[in-house]
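[1] Okay, predicted coordinates and the sequence, questions at the end:
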Amino acid sequence: MRRMIPPVRERCCPAIGTQSAQEEWLSLRAPRSLRSGFVCLLLLAALPASAHDLERTHVSIAFARDGSFVVDVANDPNWLALRLESVPGPFADRVVLWVDGREIRPSSVEFLPSSARPDPAQGLATWRLRGRVPTDAHTLRWYYGLVIDPYPLTIRRADGRLFVDEIGGDAWSRTIDLSGQFHAPLLSQPLVAAAIAALLLVPVLLRFAAPQRSTTTKRSTTEDTEDTEVKSPFVQD
């Protein structure tokens, strides 16, 4: 199944021309807006109070200094199971992290049932995604294509700052600032691995070098003893 990714674009309002055109536009739109608003109020009043609690969506993204991130997408387990049945395919295809104009795909995806959460009383199932963004990343746009109702998006930056945004359901988030929180490591992973291996080999090399040094010392002591036992030519028998 193809991915449900809408075009990434900012919301905009239609441009309005002269003042007379604005007044005419408002006179035509006002009654329709009032009627639409009245109908919406009637529909909301007729809906049960729990209609907006079916999804129970909570999304959090936590970043580390090296650019790695952990995304937790939590939903009601019953709703999530039915939704995934109607929209087959990998869960990772239902979310998008749009960083500096290109998509960053997660490196691992893990499902945590409600019983595995630290707060099982909430009864939410969680999809956990891990990955990494470039350390020079500047902006992020988030999208979750399974939901309809609005939900909170919590961003935990590596520098300790916390942001909460309200996402309008099946919609893109606002542009989120990522700059100034990442730092490239001083040593690359291969160099770190080589340094650790060298430290582990030092005791082994010292252990093998110790017997050879002991043998050389004994040989030197034996030669000195033999030299002292040679009789002097001035000593008479």
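    Everything's here; your move. Numbers count the residues shown, from 1 in each chain.
[2] burial of the residue nearest to residue 125 when sequence neighbours are not counted, as a residue count?
    Spatial nearest neighbour of residue 125, chain neighbours left out: residue 77 (3.9 Å); criterion: CB to CB, 6 or more residues apart in numbering. C-beta here means a position set from N, CA and C on the backbone, and glycine is covered the same way. Using other CB atoms under 10 Å, residue 77 has 16 neighbouring residues.
[3] what's the distance between residue 77 and residue 112?
    To residue 112, residue 77 is 10 Å away according to CB to CB, to the nearest Å.
[4] Which stretches in this protein count as helices?
    Assigned by DSSP state H, the chain shows helices spanning 19-46, 77-86, 189-228.
[5] lowest-confidence stretch among those helices?
    Mean pLDDT values for those show the minimum at helix 19-46, a mean of 43.
[6] on that earlier part again, quick one: common contacting residues for residue 77 and residue 112?
    Both residue 77 and residue 112 are contacted by residue 125, under the criterion CB atoms under 8 Å, 6 or more residues apart in numbering.
[7] got a pLDDT number for residue 115?
    Residue 115 carries a pLDDT value of 77.
[8] same thing with the one 10 residues further on?
    We have a pLDDT of 94 for residue 125.
[9] and it, how many neighbours does it have?
    For residue 125, using other CB under 10 Å, the count is 21.
[10] Residue 81 versus that one, what's the distance?
    Counting by CB to CB, the gap from residue 125 to residue 81 is 8 Å.
[11] okay, and the common contacts of these two?
    Joint contacts of residue 125 and residue 81 (CB under 8 Å, 6+ apart) do not exist.
[12] In contact with the spatially closest residue to residue 95 that is not a sequence neighbour, which residues?
    Using CB to CB, 6+ apart and skipping the chain neighbours, the partner closest in space to residue 95 is residue 144 (5.3 Å). Counting by CB under 8 Å, 6+ apart, residue 144 touches 57, 59, 73, 94, 95, 151, 167, 170.
[13] again, 7 Å this time
    Residues near residue 144 by CB atoms under 7 Å, 6 or more residues apart in numbering: 59, 73, 94, 95.
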